[in-house]
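J.: Provided below for reference: sequence and predicted model.
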There are 2 protein chains.
Amino acid sequence: MLSMATSNMLGGVASARTYHHGNLRATLLEHAEAALAAGSELSLRELARQAGVSHGAPRRHFADKQALLDALALDGFERLGAALALAESTAAPGFRGSLLAFGRTYVHFATEHAALLELMYAGKHRPDIGEGVARAADEAFAASFSLFAAAQAAGEIVPGDPERLGTVAFAALHGLAAIANGGMLSPDADLDVMVDELVDRLVLGLAPR
Amino acid sequence: MLSMATSNMLGGVASARTYHHGNLRATLLEHAEAALAAGSELSLRELARQAGVSHGAPRRHFADKQALLDALALDGFERLGAALALAESTAAPGFRGSLLAFGRTYVHFATEHAALLELMYAGKHRPDIGEGVARAADEAFAASFSLFAAAQAAGEIVPGDPERLGTVAFAALHGLAAIANGGMLSPDADLDVMVDELVDRLVLGLAPR
DNA sequence: ACCTGAACACCGTTCAAGT
DNA sequence: ACCTGAACACCGTTCAAGT
């Protein structure tokens, strides 16, 4: 019960002996995350090579490449949801505190895991919608979204469809992360300052008058 | 001088005779844009096939696949810049009118050309930065960005670094487009309403108090 | 149950050779 | 100047065959 750690059942220097005994799936996902973090292209054959198995072996655990990407995306949404829940639980009181905690955490996650984030959202616009991925995405944001209805009930923000207000605020924060990941921020700009600026403008813009 | 049309020197039913006489470059770009609009993967070999040339022929006009993508991105930024300029010139007076025109035009372009937009920004986070692409991007937004300094001069919005304010507002609108393109808007949500809502919140949040 | 390895149909890129 | 076509080094996917 020690491991709150996400999914590294094998540490970095694990005994290479137990491959092909049930953990090829986990090994493939680990190498995939590493490749993602390193910014390299994801090749199923390359992942198989890194795991020391033949190129046909991944087929036993992932029907195709997209299934592996979906598994990565799902894990990403779970980690994001956990990060957001933690941030919310330690946020300063009030709507501004909550939105600031959400914004900083979301943008931090998004820029710290740029390639993963792209992958997480790339799945959503596919026709078949990765099933579990869409549900994981909803769950990751569900708690944060209730924040708007709560703020309305407390009279901290204007009335109106809370989903629309929440979507608009989330979109704004997501856009900031996207702009940062795209390298479109002027080199001397401070992203944290931008997040605070955006949250402040949103809070002021949403304030009842 | 009739053609205000963007770049279709050859119409859809043009004489297929003049290929290999100087316009293979344009033909490749046309087929590429069509593939982009259709949502299919871009394959250089497939584009060559569609143009009726061998797979090695594109090499004469584009050093590699990325060079063709850069050409598409550059054209995209030019079209976006033109659309924004037109919108700005017919906008309602004042900061709100200008930001509304910008927002509606940007989000419309972004959702109408989702794959192109992704390509336009994908280039920017590459190490070598596509040269002309980065400049084209700057030029597309330059005029719109001056809007914030002007609004400050007119006392319509708060003081502060106009680049920071402009970036934050742009990021918010870009995020809304990204969310829409990612299929993350609830099916019954109206994107136009969202844009107006976001612009209103930004205008209120930026108002001097 | 899990993995191998040949096979198939694709890629992008390179480069001699043709016209 | 522009294009062809073979060659090279990759892909993802499939599937019989092995253990």
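T.: Done, it's in. This structure is a prediction, so every number in the text was calculated from the model and none was measured.
J.: any idea how far the residue of chain A found nearest chain B is from B:Gly56?
T.: Proximity of chain A to chain B (CB to the nearest CB) peaks at A:Gly175, 2.2 Å away. Placement of C-beta: from N, CA and C, glycine included. When CB to CB, to the nearest Å is the yardstick, A:Gly175 and B:Gly56 sit 41 Å from each other.
J.: Then A:His61?
T.: Computed as CB to CB, the A:His61 to B:Gly56 distance reads 39 Å.
J.: out of those two, which sits in the busier spot?
T.: The neighbour count for A:His61 versus B:Gly56, taken as other CB atoms under 10 Å in any protein chain shown, is higher for A:His61 (16 against 10).
J.: Not counting sequence-adjacent ones, nearest residue to that one?
T.: Of all residues not flanking A:His61 in the chain, A:Arg25 sits nearest, at 4.0 Å (CB to CB, 6 or more residues apart in numbering or on different chains).
J.: As CSV, could you dump the C-alpha coordinates of the helix or strand hosting that neighbour?
T.: Using DSSP states H and E, the element containing A:Arg25 is helix A:24-38. Output of helix A:24-38 as CSV, limited to C-alpha atoms (Å, rounded to 0.1, in the frame of the first residue of the first chain):
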residue,chain,number,x,y,z
LEU,A,24,4.6,-6.3,-21.7
ARG,A,25,1.6,-4.1,-21.8
ALA,A,26,2.9,-1.9,-18.9
THR,A,27,6.4,-1.9,-20.4
LEU,A,28,5.1,-0.7,-23.8
LEU,A,29,3.1,2.1,-22.1
GLU,A,30,6.2,3.2,-20.1
HIS,A,31,8.4,3.4,-23.2
ALA,A,32,5.6,5.2,-25.0
GLU,A,33,5.3,7.8,-22.3
ALA,A,34,9.1,8.3,-22.3
ALA,A,35,9.0,8.8,-26.1
LEU,A,36,6.2,11.2,-25.7
ALA,A,37,8.1,13.2,-23.1
ALA,A,38,11.2,13.1,-25.2
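J.: And the helix or strand following it, what does it pack against?
T.: Once helix A:24-38 ends, the next helix or strand along the chain (criterion: DSSP H and E) is helix A:44-51. If you count contacts as 3 or more CB pairs under 8 Å, 6 or more residues apart in numbering or on different chains; DSSP states H and E, helix A:44-51 packs onto helix A:24-38, helix A:65-89.
J.: so helix A:44-51 versus helix A:24-38, what angle?
T.: Interaxial angle of helix A:44-51 relative to helix A:24-38 (axes from the mean of the first three to the mean of the last three CA atoms, to 10 degrees): 110 degrees.
J.: Helix A:44-51 and DNA strand D, are they touching?
T.: Yes. Residues of helix A:44-51 contacting DNA strand D under CB under 7 Å from any atom of the strand: A:Leu44, A:Arg45, A:Glu46.
J.: related to what we said a few turns ago, nearest residue to the residue of chain A closest to chain B other than its sequence neighbours?
T.: B:Gly175 (2.2 Å).
J.: Look up which helix or strand that neighbour falls in, please.
T.: In this structure, B:Gly175 sits in helix B:162-181 according to DSSP H and E.
J.: List of residues touching the helix or strand following that helix?
T.: Tracing the chain C-terminally past helix B:162-181 and defining elements by DSSP H and E, one meets helix B:191-206 next. The contact list for helix B:191-206, computed with CB atoms under 8 Å, 6 or more residues apart in numbering or on different chains, reads A:164-165, A:167-168, A:171-172, A:200-207, A:209, B:95-96, B:99-100, B:103-104, B:107, B:111, B:151, B:157-158, B:165, B:169, B:172-173, B:176, B:180, B:185.
J.: May I see the PyMOL selection of the buried members of those?
T.: In PyMOL, this line selects whichever of these come out buried by 16 or more other CB atoms under 10 Å in any protein chain shown:
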select buried, (chain A and resi 164+165+167+168+171+172+200+201+202+203+204+205+206) or (chain B and resi 95+96+99+100+103+104+107+151+157+158+165+169+172+173+176+180+185)
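J.: Torsion angles phi and psi at the closest residue to DNA strand C within chain A?
T.: For chain A, the residue closest to DNA strand C is A:Gly56, as judged by CB to the nearest atom of the strand, at 2.2 Å. Phi and psi for A:Gly56, reported as degrees, to the nearest 10, are phi -90, psi -10.
J.: what's near enough to touch it?
T.: By CB under 8 Å, 6+ apart, the contact list for A:Gly56 reads A:Ala48.
J.: how close does A:Leu147 get to A:Glu88?
T.: Counting by CB to CB, the gap from A:Leu147 to A:Glu88 is 8 Å.
J.: hmm, I was thinking of A:His174
T.: Using CB to CB, A:His174 is found at 17 Å from A:Glu88.
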